[in-house]
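Novice: Quick one: sequence and predicted model below, then my questions.
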Amino acid sequence: MKTFKVNYLGTSRLWWVVMLVGILLVIGGFAYWFWPQAGYAVASQIFGWLLVLAGIVQLCVAAGPNRARGWGWWIAGGVIDMFIGFMLVRSIILSEMVFPYFLAIIFIFWGIEAFIGAAAGNRAKYWWLGLINGIILCLIGFFFLEAGWVSNMLMVSFLTSIAFIYWGFTIAIASYEMKPLEK
């Protein structure tokens, strides 16, 4: 009997680039955690450039020859990440005002994407991990909405570091699924 494996992310020879982005996000999250005095403006600039980098990687993966059925999500995510990243780097004053809202949009989008990925891979052994990931990402997004509304910079700083550490780990772990199988 054949085994049926759904690979929602697709395979790519550039899986290591996706892992590198995840590692950079984890390092950036820990740096912001340990040095929050670096400031809100610096964090929004750093994470803006990381979002631009993540968007470029997503577009490159979607344009690769071995893209999966969900390649449209990679393109949509890459465009959204690049747009929000460029908006954060464009103006420091603008990025300080809307930083939590941009992050809320990103994390809610990723949560919905994780829900759809879990539904698409419901025959996989650990499909429910995608569902849990979607719940956590949506919760992080809603916490950012709440933190932005009350303008609590300390909460936004803490959430930013936690969110990007979590985001980096999930991207790095997901990159292993993208690795092509050895022949």
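Specialist: Structure's in. What do you need? Given the structure is predicted, the values throughout are model-derived calculations rather than measurements. Numbers count the residues shown, from 1 in each chain.
Novice: Sort out which residues of the helix ranked longest in the chain are buried, please.
Specialist: In the chain, taking DSSP state H as the definition, the longest helix is helix 92-120. Of the residues in helix 92-120, 92, 95-96, 98-111, 113-115, 117-118, 120 count as buried by neighbour count, 16 or more other Cβ atoms under 10 Å. The C-beta positions use only the backbone N, C-alpha and C, and glycine is treated the same way.
Novice: Okay, buried residues for the helix or strand following it please.
Specialist: Scanning forward in sequence from helix 92-120 by DSSP states H and E, the next helix or strand is helix 127-150. If you call a residue buried by 16+ other Cβ under 10 Å, then helix 127-150 has these buried ones: 127, 130, 133-134, 136-138, 140-141, 143-144, 147-148.
Novice: where does the protein have low pLDDT?
Specialist: Scanning the chain for pLDDT under 70 picks out 1-12, 37-41, 67-69, 122, 124, 148-152, 181-183.
Novice: quick one on the thing from earlier: helices or strands up against the longest helix of the chain?
Specialist: helix 40-63, helix 71-90, helix 127-150, helix 153-178 (3 or more Cβ pairs under 8 Å, 6 or more residues apart in numbering; DSSP states H and E).
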